[in-house]
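K.L.:
Provided below are the primary sequence and the corresponding predicted coordinates.
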Amino acid sequence: MSPTRCVVARRCRRRRQPGGVLATLRSLAAAQDGVLSLADARGCGVAGEAIHSAVRRGRLVPVHRGVFTLPGQPLTARGAARAAILAIGHPAAVASHASAARVHGLAVLAMPGAAAVTVRAEVHRAARPGLAVHRSTELAARDVSVSGGLRVTTVHRTLTDLLTGTDRLAAVWACEAALRRRLVTAAELAALVTGLGHRPGGARARR
C-alpha cells in the first residue's frame with residue numbers, strides 16, 4: 001500500500017460510521033485528486049458490493065477498471081494521472097509522457113489518446129483500454145518527482161519521453177510551453193536533445 005493509501009486508510013478507520021459508505025468514498029477521493037480505487041475502498045472497510053452498488057446508482061463513475069471518480073466533478077490533470085497509476089496497481093508506477101505533460105501544465109492540445117504510465121522494465125503490467133504502459137530500463141529516482149503522493153516524471157524526463165516518441169507535434173508544443181513557462185532554459189533544452197545520442201527517436205528529435 002502506498003504512503004497516501006496508508007494515511008487515507010487510517011483516516012477512514014478513525015472516521016468510519018455505520019451507513020457512512022458514501023462519506024468514506026468521498027473522503028478517499030478528496031485525498032487523492034478526486035479518484036479512488038477498489039483496493040482503496042476495501043482498505044477502508046468498504047465491501048466490493050457496496051462499490052458496485054454505488055456505480056449502479058451513479059454515485060461513482062468508472063475511470064478505469066477498478067478506479068472511480070465522483071459524479072459532477074471534472075477530472076483534473078492530476079486526477080487523470082493518479083487514476084492511471086491506481087489502475088496499474090504498482091507502487092513504482094509513474095505518470096509519464098502526455099499525462100505528465102498535463103500535470104506540469106504544458107501544452108496538450110496535440111496530445112490526445114490514452115493516459116500514459118511508465119514502469120521499470122522488469123515490472124509486467126498489461127495495457128488496458130485507455131491506458132498506455134511504457135517500460136523503461138532507465139527510470140532513475142532523479143527522473144521522478146512526487147507531489148502530494150502523486151508520482152510523475154520530471155519536466156526534463158517528460159520532454160525526453162515526448163521527443164523520442166512518435167508524435168513530433170506534441171513534443172514541439174510541450175518544449176515551447178516549457179520554455180515559455182521557464183521550466184527549462186534554451187540551453188538546457190539543447191543539451192537534452194544532444195544528450196539523446198543514439199537512443200530510439202534521438203535523430204528525429206534533433207531535426
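P.N.:
Looks like it came in fine. Since this is a predicted model, take the numbers as computed values, not measurements. Numbering: from 1, shown residues only.
K.L.:
Skipping its backbone neighbours, what lies nearest the residue sitting nearest the centre point of the chain in space?
P.N.:
In the chain, the C-alpha nearest the mean C-alpha coordinate belongs to residue 81, at 2.3 Å (C-alpha atoms, centre = their mean). Spatial nearest neighbour of residue 81, chain neighbours left out: residue 95 (3.7 Å); criterion: C-beta to C-beta, 6 or more residues apart in numbering. Where you see a C-beta, it was placed from the backbone N, CA and C, and this is true even at glycine.
K.L.:
So the one you found sits against residue 117, correct?
P.N.:
Yes - assessed by C-beta atoms under 8 Å, residue 95 is found in contact with residue 117 at 6.0 Å.
K.L.:
Mutual contacts of these two, please.
P.N.:
Taking C-beta atoms under 8 Å, 6 or more residues apart in numbering as the contact rule, residue 95 and residue 117 both touch 84, 85.
K.L.:
so what's residue 154 up against?
P.N.:
142, 143, 144, 145.
K.L.:
where along the protein do the helices fall?
P.N.:
Using DSSP state H, the helices found in the chain span residues 3-15, 21-31, 38-43, 48-56, 77-88, 97-103, 155-163, 168-180, 186-194, 202-206.
K.L.:
Can you tell me which of these is most buried?
P.N.:
Among those, helix 97-103 has the highest mean neighbour count (mean count of other C-beta atoms under 10 Å), at a mean of 27.
K.L.:
So what's the gap between that helix and the chain middle?
P.N.:
8 Å (C-alpha atoms, centre = their mean, to the nearest Å).
K.L.:
Please list the residues outside that helix that contact it.
P.N.:
By C-beta under 8 Å, 6+ apart, the residues outside helix 97-103 that reach it are 77-78, 80-81, 84, 94-95, 107-108, 111, 113, 115-118, 132, 134, 150, 152-153, 157-158, 161-162, 165, 170, 174.
K.L.:
any idea of the mean pLDDT for it?
P.N.:
Model confidence over helix 97-103 averages 93 on the pLDDT scale.
K.L.:
try stretch 171-191
P.N.:
pLDDT averaged over stretch 171-191 gives 93.
K.L.:
what about that stretch, start to end distance?
P.N.:
The first residue of stretch 171-191 is 16 Å away from its last residue (C-alpha to C-alpha, to the nearest Å).
K.L.:
for stretch 161-177, same thing?
P.N.:
By C-alpha to C-alpha, the extent of stretch 161-177 from end to end equals 15 Å.
K.L.:
So what's the gap between that stretch and the chain middle?
P.N.:
Centre to centre, stretch against its chain (C-alpha atoms, centre = their mean), the figure for stretch 161-177 is 18 Å.
K.L.:
returning to that earlier point: show me the beta-bridge partners of the residue nearest to residue 81.
P.N.:
When assigned by DSSP bridges, residue 95 has beta-bridge partners residue 117, residue 152.
K.L.:
could you measure residue 152 against residue 77, distance?
P.N.:
For residue 152, the distance to residue 77 (C-beta to C-beta, to the nearest Å) stands at 10 Å.
K.L.:
Brilliant, that's me finished.
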